[in-house]
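Peer 1: Provided below are the primary sequence and the corresponding predicted coordinates.
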Amino acid sequence: MKSTFRTHALARAAWAVSLAGATGLAYADQYEAEHHRPQAPATWCADRCDAVITDWSLAAFQVIKAADGYQNPLTASRSLAMMHLAMHDAVNAARPRYQRYAGGSTAAAATKADAAVAAATAAHDVMAALYPQAAAIALLKAELEKTTLEAGVGPEISAGTAIGKTAAQAVLAKRANDGSNGNETYVEGTLPGQYRFTPPFNFTLMPHWRHVTPFALASGSQFRTAPAPALTSEQYTRDFNEVKRVGGKQAGNARSSDETHYAAFWYELSDIGWNRVARAASGRVKQDLWDRARTFALLNAALADAYIAGWDSKFTHNFWRPVTAIQFAGADGNPNTAPDANFETFLPTPPVPDMPSTHSALGMAAATVLAQAFGRDHVSFSFASSSALSSNAVRSFRSFSEAARENADSRVKAGLHFRFAVDAGLQLGRQIGQYVSRNALPRQYGLED
């Protein structure tokens with residue numbers, strides 16, 4: 001069964017609607033604005049220049065939503081990584097501290113440039129190139145003016161604007177032929193264990209994404225996961241029966257009320273949720289503009305690469321999802337896995353194969369990068385989610401790793417993944433986060449003026 005571009009577009013829109021309601025998004029944005037609003041500076045920027053990074057992190061989400069409804073997490077993660085890497089490159093062109101993603105001279109600018117203006121300009125220009133829709137352009141103009149109107153005029157402002165534009169163009173040029181515009185026909189499987197389309201979808205989401213050039217990894221297959229266990233194995237039997245017991249719509253007392261709450265809470269797209277985590281934690285950990293820019297650049301590079309690496313493993317193993325496995329268990333050759341033709345998952349299953357859980361991979365990759373960037377894992381934070389139930393709209397955590405573990409477990413409780421896929425995702429995410437933290441955008445000593 002072959003998918004078409006039109007089917008992709010319609011189904012992606014339906015998926016996006018199921019993932020994030022307008023009411024939830026509005027509440028999440030309101031909560032963030034009320035709890036993480038920066039203090040107004042006495043003079044331009046002062047000691048809160050890093051706020052330009054967190055401000056654009058939130059603005060980028062609003063721009064993508066205005067442009068296309070935030071229909072596609074893969075393209076969105078690419079856009080966020082490009083924007084934050086351009087901001088990082090811009091501030092390090094104004095005053096070098098860290099290696100730049102898109103290269104360029106390591107010498108300081110001849111004219112002192114305003115680094116915050118450079119960052120804002122870079123963010124604006126990248127997003128304007130990626131989202132030329134009128135609604136998006138209007139939001140981008142308004143966000144940029146928050147910086148330019150406060151910064152005023154002068155040679156440093158002009159130099160910052162020029163540097164930001166150059167940084168944006170360099171990142172756009174570097175990613176111009178990264179494979180993201182590709183296409184690939186996918187035919188669903190028919191044998192036990194092979195992936196089949198999951199209701200309500202009749203397609204798989206962009207299988208070609210596994211071939212996209214990563215931002216930091218050497219290749220999408222660098223940390224490819226092991227395949228799923230055999231259908232007749234003890235591990236498969238155990239994990240099959242677990243997700244069948246706790247992950248269905250009719251799970252009853254097998255899934256606690258708190259498990260139901262966090263299954264819904266973490267259903268939000270990872271690129272949205274973990275950027276929100278980073279903004280919340282930024283209010284607890286002080287960083288200057290250079291370190292804040294690098295933190296968000298590393299975070300979004302890791303998230304984008306986790307999607308690419310996750311897709312590589314998913315489409316290599318092509319393993320069926322729990323909803324399919326449970327409905328067709330009578331054909332799996334395992335006498336200890338009973339079929340249920342009417343089984344429904346607690347939440348809709350995303351339209352991609354099971355192994356590994358990319359949601360788990362993104363969460364652990366983000367948690368690992370944030371712990372490294374902030375110097376510790378134990379940072380307390382609270383945040384809202386657009387997919388949360390109204391009875392549990394905000395959750396609190398004592399560490400990034402605690403949040404990542406709950407995020408991963410939510411996929412079993414929602415009926416979306418087997419436990420072995422979640423564990424593989426956690427391992428993949430940890431490997432990606434460690435690699436990105438150790439190898440991307442390193443410190444360049446002796447360059448600061």
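Peer 2: It's in.
Peer 1: From now on I want contacts and neighbour counts done on CA atoms only, so please keep to that.
Peer 2: Will do.
Peer 1: mind listing the helices for the stretch 1-150 of the chain?
Peer 2: Using DSSP state H, counting those that start in this stretch, the helices found in the stretch 1-150 of the chain span residues 5-19, 22-35, 51-68, 73-94, 115-130, 134-151.
Peer 1: I meant the stretch 151-300 of the chain, not that one.
Peer 2: Using DSSP H, counting those that start in this stretch, helices in the stretch 151-300 of the chain cover 155-174, 234-246, 257-265, 270-282, 289-317.
Peer 1: Ala408: what's its closest spatial neighbour, skipping adjacent residues?
Peer 2: Ser360 (4.5 Å; C-alpha to C-alpha, 6 or more residues apart in numbering).
Peer 1: follow-up on the earlier one: could you identify which of the helices of the stretch 151-300 of the chain is most buried?
Peer 2: helix 289-317 (a mean of 27; mean count of other C-alpha atoms under 10 Å).
Peer 1: So for that helix, mean pLDDT?
Peer 2: Regarding helix 289-317, the rounded mean pLDDT is 98.
Peer 1: low-scoring pLDDT stretches of the stretch 101-250 of the chain, where are they?
Peer 2: 105-111 (pLDDT under 70).
Peer 1: of the helices of the stretch 1-150 of the chain, which approaches Ala421 most closely?
Peer 2: helix 73-94 (19.7 Å; C-alpha to C-alpha).
Peer 1: what is the orientation angle of that closest one with helix 289-317?
Peer 2: 150 degrees (axes from the mean of the first three to the mean of the last three C-alpha atoms, to 10 degrees).
Peer 1: For helix 73-94, the averaged confidence score.
Peer 2: 98.
Peer 1: Which positions in that helix come out as buried?
Peer 2: Residues of helix 73-94 classed as buried: 73-94 (neighbour count, 16 or more other C-alpha atoms under 10 Å).
Peer 1: and what of stretch 46-60?
Peer 2: In stretch 46-60, counting by 16+ other C-alpha under 10 Å, buried: 48-60.
Peer 1: just how off-centre is that stretch within its chain?
Peer 2: 18 Å (C-alpha atoms, centre = their mean, to the nearest Å).
Peer 1: Just the CA atoms of it, as CSV, please.
Peer 2: In CSV, the C-alpha atoms belonging to stretch 46-60 read as follows (Å, rounded to 0.1, in the frame of the first residue of the first chain):
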residue,chain,number,x,y,z
ALA,A,46,22.4,44.5,30.8
ASP,A,47,22.9,41.2,32.7
ARG,A,48,20.0,39.5,30.9
CYS,A,49,21.2,39.4,27.3
ASP,A,50,20.7,35.6,27.4
ALA,A,51,17.0,36.2,27.4
VAL,A,52,17.1,36.8,23.7
ILE,A,53,17.8,33.0,23.3
THR,A,54,14.9,31.8,25.5
ASP,A,55,12.6,34.4,23.9
TRP,A,56,13.3,33.2,20.4
SER,A,57,13.0,29.6,21.6
LEU,A,58,9.3,30.3,22.4
ALA,A,59,8.8,32.6,19.5
ALA,A,60,10.0,29.9,17.1
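Peer 1: hmm, who's touching it?
Peer 2: 38, 41, 80, 84, 87, 116, 119-120, 123, 127, 139-140, 143, 147, 275-276, 279, 287-290, 292-293, 296 (C-alpha atoms under 8 Å, 6 or more residues apart in numbering).
Peer 1: Go again with 6 Å.
Peer 2: 279, 288-289, 292 (C-alpha atoms under 6 Å, 6 or more residues apart in numbering).
Peer 1: before we move on, what about stretch 168-188?
Peer 2: Taking C-alpha under 6 Å, 6+ apart as the rule, stretch 168-188 contacts 1-2, 86, 102, 122, 125-126, 196, 208, 212-213.
Peer 1: what distance separates it from the middle of the whole chain?
Peer 2: For stretch 168-188, the distance to the chain centre is 17 Å (C-alpha atoms, centre = their mean).
Peer 1: got the end-to-end distance for that stretch?
Peer 2: Using C-alpha to C-alpha, to the nearest Å, the end-to-end distance of stretch 168-188 comes to 40 Å.
Peer 1: before we move on, what about stretch 89-103?
Peer 2: Start-to-end, stretch 89-103 (C-alpha to C-alpha) is 8 Å.
Peer 1: Give me the neighbour count for Leu191.
Peer 2: The criterion is other C-alpha atoms under 10 Å. On that basis, Leu191 has 11 neighbouring residues.
Peer 1: how close does it sit to Ala421?
Peer 2: Counting by C-alpha to C-alpha, the gap from Leu191 to Ala421 is 19 Å.
Peer 1: before we move on, back to that, dump the helices of the stretch 1-150 of the chain to TSV, plus distance to Thr232.
Peer 2: Shown next, in TSV, are those (distance: least, C-alpha to C-alpha, whole Å):
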stretch	distance to Thr232
helix 5-19	33
helix 22-35	42
helix 51-68	44
helix 73-94	34
helix 115-130	47
helix 134-151	51
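Peer 1: Out of the ones you listed, flag the one nearest Asp305.
Peer 2: helix 73-94 (8.8 Å).
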